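Trainee: show me how the following folds:
(chains A and B)
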2 protein chains.
Amino acid sequence: MKPETTAECRCCPRYHEAVELVGKRWTGAILYVLFHGGQMRFSEIANSVEDLSDRLLSERMKELEGRGIVERHVSAGTPTKVSYELTDKGRELAPAMAELKTWADRWLE
Amino acid sequence: MKPETTAECRCCPRYHEAVELVGKRWTGAILYVLFHGGQMRFSEIANSVEDLSDRLLSERMKELEGRGIVERHVSAGTPTKVSYELTDKGRELAPAMAELKTWADRWLE
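Mentor: Predicted structure coming up:
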């Protein structure tokens, strides 16, 4: 009996992590909005992603901040204003997102 | 009271669909392996993606076939051999995946 064939190329763990990070429910949409909107307040992000609840948006923003993809700014003054912005790490996802957008425009209805 | 600010750029539904399709658990890894492996048998794909159960792989392959991203080939002869290959639609995800790999190599540990 022949040994089970093993393909030479195994999936790379870093790539796997990246694709599941970006592809997590709502995360891709939030990143898209931040790419185009620059520094944005919570309510602006919420208004730009249809059907996303505040609870889930808040959860995702914490995750993205924890991963160093998004930076949270708190203004001086009362009341304080909280806004969010992509870090360099986050902005460098732009080429991948742009390629995916090109694919989507070509292949999805 | 000022009306709630609405960002000008809303997330595009096609892009949203694409990022969640590709980012669905294991799908990114399966696509990566098929990009590099060409036409592959089920067991070869399974062996190339660590920790992925046959049950989930089978589910994902059906989804990818249903979306027109993967083609299933059944050979003549006994026993029949089943293999899978990316379609043009699937292969055109390569640039997005390559950009994501570049990002992962740079930013993830």
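Trainee: check contacts around the residue of chain A found nearest chain B.
Mentor: Of all residues in chain A, A:Gly23 sits closest to chain B, with a separation of 0.7 Å (C-beta to the nearest C-beta). All C-beta atoms are positioned from the backbone trio N, CA, C, and that covers glycine. A:Gly23 makes contacts with B:Val19, B:Glu20, B:Leu21, B:Val22, B:Gly23, B:Lys24, B:Thr27, B:Gly28, as judged by C-beta atoms under 8 Å, 6 or more residues apart in numbering or on different chains.
Trainee: for B:Met61, see how far away it is.
Mentor: When C-beta to C-beta, to the nearest Å is applied, the distance between A:Gly23 and B:Met61 equals 18 Å.
Trainee: what about the helices in chain A?
Mentor: Shown for chain A, the helices assigned by DSSP state H span residues A:13-23, A:27-37, A:42-48, A:54-66, A:88-91, A:94-107.
Trainee: show me the shaky parts of chain A.
Mentor: Segments of chain A classed as low confidence (criterion: pLDDT under 70) are A:1-9.
Trainee: got the CA coordinates for stretch A:22-34 in PDB?
Mentor: The C-alpha coordinates for stretch A:22-34 follow below in PDB (Å, rounded to 0.1, in the frame of the first residue of the first chain):
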ATOM      1  CA  VAL A  22      -9.800  40.100   8.900                       C
ATOM      2  CA  GLY A  23     -12.600  37.800   8.000                       C
ATOM      3  CA  LYS A  24     -14.200  37.600  11.500                       C
ATOM      4  CA  ARG A  25     -17.800  38.700  11.300                       C
ATOM      5  CA  TRP A  26     -18.000  42.500  10.800                       C
ATOM      6  CA  THR A  27     -14.200  43.100  11.100                       C
ATOM      7  CA  GLY A  28     -13.700  43.400   7.300                       C
ATOM      8  CA  ALA A  29     -16.500  45.900   7.100                       C
ATOM      9  CA  ILE A  30     -15.200  48.000  10.000                       C
ATOM     10  CA  LEU A  31     -11.700  48.100   8.500                       C
ATOM     11  CA  TYR A  32     -13.100  49.200   5.100                       C
ATOM     12  CA  VAL A  33     -14.900  52.100   6.700                       C
ATOM     13  CA  LEU A  34     -11.900  53.200   8.700                       C
END
